[in-house]
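A.B. asks: Provided below are the primary sequence and the corresponding predicted coordinates.
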Amino acid sequence: MDDYAGGLAIHPMDQFEIKPLFGYGEVGFFTITNSTLWMGLAVLAVIALMVWGTRGRAVIPSRSQSMAELAYGFVRQMVEDVAGKDALPYFPYIFTLFLYILCANFLGLIPSSFTTTSHIAVTAVLALAVFITVTIVGFVKNGAGFLSLFWVSSAPLVLRPILAVIEIISYFVRPVSHSVRLAGVMLAGHAVLKVFAGFAGAMGLASIAPILGVVAIYGLEVLVSAIQAYVFTILTCVYLKDALHPAH
C-alpha cells in the first residue's frame, strides 16, 4: 500500500508473486522460491502432526494425538461413506491430499506468509494427479467396462450418444474445475483481506470499521480453508467411486 498521485494505492495481488528465496533475478525451473519454502513447510506440518504428534500413542491422547486421530477418523469415514469400503485401500493417498491442502491453507493465513494453494500451478498438479490416478484405477479395476461411465443406459436410446459426449467432456473438465475452485477461492479471500488491511492502515483513528472487517474476513478465511480442503477431498472420493463403480 502506498500513496500514488494523491490517492491511495493498494496492491492486493502482490502477495501472490513468486520470488526467489535467495537473492534476486528471474525464477527458473530449479529456482528455490517462496512457494517452494511454504510447500515444504506444509509437508513438515503434516509430518509433525502425524509422526511427531502421535509418537507417544498414549491411551489418554495428547492434544496433537487427538487432532491426528480426529483427522484420520474423519477422512476415513468420508472415504467409506462416499466411495464405499472397497475404496479404503486408497485412503492413505486421499488422507495425504486432505492434510497437505489443509496445512497449506492454514499456513497461508500467517501474516507475511505465502498461500501456495492460491496458485493454479499447485492446485492443477494436485487435480491432475487425482485425475490420472482415478482413470488408471478405473481401467485396472474394470477394463473396458470403465467406459460404461460415459454410457447412460437408463436414458432413452436416442439420447444416449448425446449424453455420452456430454459425459466425456464433463469427465475431462474435472481436473480444471477441481483445481480452479480451490485456487480461485483462496486467491479471492486473501485479496479481499489485503484490501481491508490496506484501508485499516491508511485511515488512522478512523480505521475501526476496516479492522472489524479484517477480523471478520480472517475468521471466514479460517473456515474457508478447512472447507476447501474438505471439498477437494470429497470430490476426489466421488471421482474414485465412479472409477470403482462406473455403471450408471
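C.D. replies: Alright, I've got the coordinates.
A.B. asks: count the neighbours of residue 216 for me.
C.D. replies: In terms of burial, residue 216 registers 11 neighbours under the definition other Cβ atoms under 10 Å. Using the backbone N, CA and C atoms, a C-beta is placed for each residue, glycine as well.
A.B. asks: tell me the spacing between it and residue 209.
C.D. replies: Shown here: residue 216 relative to residue 209, a distance of 11 Å by Cβ to Cβ, to the nearest Å.
A.B. asks: after the longest helix seen in the chain, next one along is what?
C.D. replies: Taking DSSP state H as the assignment, the helix of the chain that covers the most residues is helix 160-202. Using DSSP states H and E, the helix or strand that follows helix 160-202 towards the C-terminus is helix 208-244.
A.B. asks: now for that next one, which elements pack on it?
C.D. replies: Using 3 or more Cβ pairs under 8 Å, 6 or more residues apart in numbering; DSSP states H and E as the contact criterion, the neighbours of helix 208-244 among helices and strands are helix 63-83, helix 91-107, helix 120-142, helix 160-202.
A.B. asks: the longest helix of the chain vs helix 120-142, what angle?
C.D. replies: Angular relation of helix 160-202 and helix 120-142 on a 0 to 180 degree scale: 150 degrees, by axes from the mean of the first three to the mean of the last three Cα atoms, to 10 degrees.
A.B. asks: quick one, which of the helices and strands packed on helix 208-244 is nearest to residue 18?
C.D. replies: Counting by Cβ to Cβ, residue 18 lies closest to helix 120-142 out of those; the figure is 8.8 Å.
A.B. asks: can you pull the buried residues of the closest one?
C.D. replies: If you call a residue buried by 16 or more other Cβ atoms under 10 Å, then helix 120-142 has these buried ones: 120, 122-124, 126-127, 130-131, 133-135, 137-138, 142.
A.B. asks: kindly tell me how buried residue 219 is, as a neighbour count.
C.D. replies: Neighbours around residue 219, by other Cβ under 10 Å: 10.
A.B. asks: in this structure residue 226 contacts residue 103, no?
C.D. replies: No - the pair residue 226 / residue 103 is not scored as a contact, 11.0 Å apart, by Cβ atoms under 8 Å.
A.B. asks: more crowded one of the two?
C.D. replies: Residue environment comparison for residue 226 versus residue 103 gives the larger neighbour count to residue 103, 23 against 14, counting by other Cβ under 10 Å.
A.B. asks: spatially nearest residue to that one, not counting backbone neighbours?
C.D. replies: For residue 103, the nearest residue in space outside its immediate sequence neighbours is residue 45; the separation is 4.1 Å by Cβ to Cβ, 6 or more residues apart in numbering.
A.B. asks: do residue 231 as well
C.D. replies: Of all residues not flanking residue 231 in the chain, residue 181 sits nearest, at 7.0 Å (Cβ to Cβ, 6+ apart).
A.B. asks: what is the neighbour count of that neighbour?
C.D. replies: For residue 181, the tally of surrounding residues (other Cβ under 10 Å) stands at 16.
A.B. asks: ok, now which ones touch it?
C.D. replies: For residue 181, the set of contacting residues under the criterion of Cβ atoms under 8 Å, 6 or more residues apart in numbering consists of 228, 231-232.
A.B. asks: most neighbours, which of those?
C.D. replies: Greatest neighbour count in the contacts of residue 181, by other Cβ under 10 Å, goes to residue 232: 25 neighbours.
A.B. asks: I'd say that one and residue 177 touch.
C.D. replies: No - judged on Cβ under 8 Å, residue 232 makes no contact with residue 177 at a distance of 11.0 Å.
A.B. asks: look up how far residue 135 lies from residue 236.
C.D. replies: Between residue 236 and residue 135 the computed distance is 13 Å (Cβ to Cβ).
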